[in-house]
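Peer 1: Below is the sequence, then the predicted model.
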Amino acid sequence: MEYEISAYLSDRPVRVGIIGCGYWGINYVRLLNELPEAKVLAVCDQRQERLDEVARRIPGVRLTTSLDVLLDDDRIEAIIICTEASTHFSVASQCLRAGKHVLIEKPITTLVSDAVELGRLAEERSLTIMVGHTFIYNGGISAIE
C-alpha cells in the first residue's frame, strides 16, 4: 500500500522527543533526522555515551538524562519510548499526562491492564498512542502468515 504521509501532517514537521537511545532509539534518531516531516528536538538517555552518539549525529539537539526536560518542553508534540519494557507503563503514562502523543517500542507494557490504562489515558486526552511493530510489514513475516 502506498500513501502520502504528508496528507496526515500539518505544514510543519512533527516535533519529537526520544527516550532511550539503545538499539531502537538510535535508529529512530537516525530515521527521524532524515524525514522532512519530523524534527527531533530532544533526546533523553541515562548513559552519557549514548547521548554523545546522538550529539555526533544531530548537532544542536537537546540532550538530557531527565525525562522531565522532555515532558516540560511545550514544543515537543510526540515522544518515542525505547526503554526497558518494565518502564513502558510509567514513562508512557507520564508522557500522556503531559499532553504528548506516544509511540512505544514493543511491547506496549508488561501487563494487559497497564496497556488498557494507557489506551484510556490517551483517549481521555485525545492523544494518539501507538506501538512500534516493525515486523508487521516485513516481507518474511508476511510470507509466514
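Peer 2: Structure received.
Peer 1: need the strands for the chain, in chain order.
Peer 2: Taking DSSP state E, the strands of the chain run over residues 14-19, 38-44, 62-64, 78-81, 101-105, 129-132.
Peer 1: tally of neighbours for Trp24?
Peer 2: Burial measure for Trp24: 18 neighbouring residues, criterion other C-beta atoms under 10 Å. The way it works is simple: take the backbone N, C-alpha and C, and place the C-beta from them, glycine included.
Peer 1: For the residue nearest to it when sequence neighbours are not counted, give its distance to Val29.
Peer 2: Distances taken as C-beta to C-beta, 6 or more residues apart in numbering put Cys82 closest to Trp24, at 4.4 Å, once the chain neighbours are dropped. The gap separating Cys82 from Val29 is 9 Å, by C-beta to C-beta, to the nearest Å.
Peer 1: Now list whatever residues contact both of the two.
Peer 2: Counting by C-beta atoms under 8 Å, 6 or more residues apart in numbering, the residues touching both Cys82 and Val29 are Ile18, Cys21.
Peer 1: follow-up on the earlier one: which residues touch the residue nearest to Trp24?
Peer 2: So Cys82 contacts Ile18, Ile19, Gly20, Cys21, Gly22, Trp24, Gly25, Tyr28, Glu105 (C-beta under 8 Å, 6+ apart).
Peer 1: Tell me which stretches of the protein form helices.
Peer 2: Along the chain, the segments classed as helices by DSSP state H run 23-34, 48-57, 67-71, 88-97, 112-124, 139-144.
Peer 1: for the second one, the distance to its chain's centre please.
Peer 2: Meaning helix 48-57. 17 Å (C-alpha atoms, centre = their mean, to the nearest Å).
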